[in-house]
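> next come a sequence and a model predicted from it.
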Amino acid sequence: ILFSALNLFGVNNENFNKLHITDGILYNQLDSAIMLRGTNLGNWLVQEDWMTGNTCKDQTSMINTLINRFGEETAEELIDIWEENFITTTDLDNIKEIGMNVVRVPFTWMNLLKLSDRSWKVDAFERLDWVIEECGKRNIWVILDMHGCPGSQNGSDHSGVDGGNNKEAMSKFWFGTTEEVTANQTLYYTLWDSIATRYKNNDVVMGFDLMNEPFCTYRYNSSKTESQLHQMLWTVYDNAYKRIRAIDPDRILIMEATWDPIDLPNPSTYGWTNVMYEYHNYLYDDYDNAEGRQITNMQTKVNAINAKVSTYKVPSLMGGFCYMNNAKAWEIGLELLNDNNIHWTNWSYKVQYYYGNWGIFNFSTNNIDISTASESQIRTAFAIRTGSKNSTIYNTIKAATSYIKEPIVPTEIPGKIDCLKSTNKSGTVSKNKSSNGNYLGGFTSGSYAEYKIISEKDTTYTFSILLAAGDTQWNAQSFTVKLNGKKVA
């Protein structure tokens, strides 16, 4: 059990207006602390065939296939049908009904520019303008997420380019020829210049997510060293930061780590301010959480994030995550994020039925192959994308969005500390109420609950802690009391 004497968090009063960051906490214009809880509009502007149920491989392949088969004009019409039907005002109403206050909107450079010659589309910003306007009507903030950079930043299908077994080589944003890398990165900065200019005064746009999952699957087996990857990424982030700041000095900028806090620098090193750090977490092993690893895996990530809080002083966003098949894991896992003041957007809002808990809503699919299906079949398939609630996780997620962390008002001692009033906890610690009183459960080796206290004066105090059981049945054989990190009992 840990005790400290700091008041960390203010009242969470979610008034919808422009956001800013001070001392690692997200505030609105009334200086009320805000917690973001939302979802991703995955598969809308960046198709992934596992999510659609259709065979398209990746966004680049889909566009090229449709152009080669039907011509550029018809290809654009077909893509428009998909985008106009996959996310509608009904979907945004659903998100609002869940109680969410933010959506992360993945897009690629191909939504703004033509694939053929990289010239600007006439309707380049139509989709982004629409979702920002409609979200604003519903008091939902928008994170604009560059999911696919020119040339691809990770060679994975969700970047718009599926490199198969050669993902690093196909990440031509980093690993192309000198000419390719220069052209791709120059275009990347130009895109953010244009986005920053367009949305400079738009308070619905919570922030710019500069790059989704850089390096991704080859982060730990790259031809480059960790230090080299870090320098490559941080240089691009710093360049983008400076370009955007010259246009929009007040915009929150979001930098992603693939995959841990060690993959992002102390922001003071670069003089970054008003920034948020983002993390993703997916454990494909223990898919049903039979061994409890969905939670222990996320706990490890949370612990790593918390270890940097005092030095990085930036808010943290769990921007993409899924607790897979086990409903209880979702309940515990979302509580874990909420209790640790981590903002979150689950992946994803909607997915085909086959992939279940990857979506809060699920939809039926025709499972078409766009390389062989007729134009008529594609039109029909792309137009049918209504979804229904995923009953396994819908209510759990809805309850988690309504969670309001009580202001951390330190307990004055002498006095009684309510065990449920912990300001932080680690491990599988659960808070419980019963007819016999409040109690904590689920302690394992290394887990803890933390409380903030105020003492009236410097003197000697006696702590009395009621332990429910002291035998091996309940695994409650020993515990430690620390004050400001120093063991006292």
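Yep, that arrived.
> now do stretch 172-181: everything it contacts.
149-153, 168-169, 184-185, 188, 215, 232 (C-beta atoms under 8 Å, 6 or more residues apart in numbering). Heads up, the C-betas are built off the backbone N, CA and C, glycines and all.
> residue ranges with poor pLDDT in the protein?
Scanning the chain for pLDDT under 70 picks out 1-15, 404-411, 421-436, 442-447, 452, 454-458, 468-479, 483-489.
> give me the most central residue, it.
residue 319 (0.6 Å; C-alpha atoms, centre = their mean).
> now do the SS call for it.
Per DSSP: H, G, I helix; E, B strand; the rest coil, the local secondary structure of residue 319 is strand.
> how about it: what's its closest non-neighbour residue?
Leaving aside its chain neighbours, residue 319 sits nearest to residue 278 (4.3 Å; criterion: C-beta to C-beta, 6 or more residues apart in numbering).
> do you know how far that neighbour is from residue 210?
In this view, residue 278 and residue 210 are 9 Å apart by C-beta to C-beta, to the nearest Å.
> isn't residue 25 right next to residue 35, touching?
No - with contact defined as C-beta atoms under 8 Å, residue 25 does not reach residue 35; the gap is 9.8 Å.
> quick revisit: who touches both of residue 278 and residue 210?
Shared contacts of residue 278 and residue 210 (C-beta under 8 Å, 6+ apart): 254-256.
> for those residues, give me CSV that also has distance to residue 389 and neighbour count.
Below are the shared contacts of residue 278 and residue 210 laid out as CSV (distance: C-beta to C-beta, whole Å; neighbours: other C-beta atoms under 10 Å):
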residue, distance to residue 389, neighbour count
254, 29, 24
255, 34, 26
256, 30, 26
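> quick revisit: and the helix or strand where the residue nearest to residue 319 lies, what's buried?
Here residue 278, judged by DSSP states H and E, is contained in strand 275-282. Residues of strand 275-282 classed as buried by neighbour count (16 or more other C-beta atoms under 10 Å): 275-281.
> which of those residues lies closest to residue 340?
residue 279 (11.9 Å; C-beta to C-beta).
> what residues are up against that closest one?
Counting by C-beta under 8 Å, 6+ apart, residue 279 touches 256-257, 259-261, 301, 305, 316-319.
> returning to what we had before: got the contact list for the residue nearest to residue 319?
209, 254-257, 316-319.
> re earlier: among the contacts of stretch 172-181, which are in helices?
When DSSP state H defines the helices, the subset of the contacts of stretch 172-181 inside them is 184-185, 188, 232.
> wait, doesn't residue 463 sit right on residue 481?
Yes - using C-beta under 8 Å, residue 463 is in contact with residue 481, at 6.1 Å.
> could you point out which element follows the host helix or strand of residue 240?
Taking DSSP H and E as the definition, residue 240 sits inside helix 226-247. Note on helix 226-247: by DSSP H and E, the next helix or strand toward the C-terminus is strand 252-256.
> and that following strand, what does it pack against?
strand 205-209, helix 226-247, strand 275-282, strand 316-322 (3 or more C-beta pairs under 8 Å, 6 or more residues apart in numbering; DSSP states H and E).
> JSON lines for these, including distance to residue 44?
What follows is those, written out as JSON lines (distance: least, C-beta to C-beta, whole Å):
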{"stretch": "strand 205-209", "distance to residue 44": "15"}
{"stretch": "helix 226-247", "distance to residue 44": "24"}
{"stretch": "strand 275-282", "distance to residue 44": "18"}
{"stretch": "strand 316-322", "distance to residue 44": "15"}
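> residue 396: which of those is closest?
Per C-beta to C-beta, nearest to residue 396 of the helices and strands packed on strand 252-256: strand 316-322, 12.8 Å.
> name every strand pairing with the closest one and say which way it goes.
According to DSSP bridges, strand 316-322 has the following sheet partners: strand 275-282 (parallel), strand 343-346 (parallel).
> with distance to residue 98 added, can I get the ones you listed in JSON lines?
Shown next, in JSON lines, are the strands paired with strand 316-322 (distance: least, C-beta to C-beta, whole Å):
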{"stretch": "strand 275-282", "distance to residue 98": "21"}
{"stretch": "strand 343-346", "distance to residue 98": "10"}
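> give me the element residue 94 is part of.
helix 89-98.
> now do that helix: everything it contacts.
38-39, 103, 131, 134-135, 138-140, 349-350, 360-361, 386-387, 394, 397-398, 401.
> with stretch 213-221 instead?
Outside stretch 213-221, the residues touching it (C-beta under 8 Å, 6+ apart) are 153-156, 158-159, 167-168, 171, 174, 222, 229, 233, 256, 258-259, 263, 280, 320.
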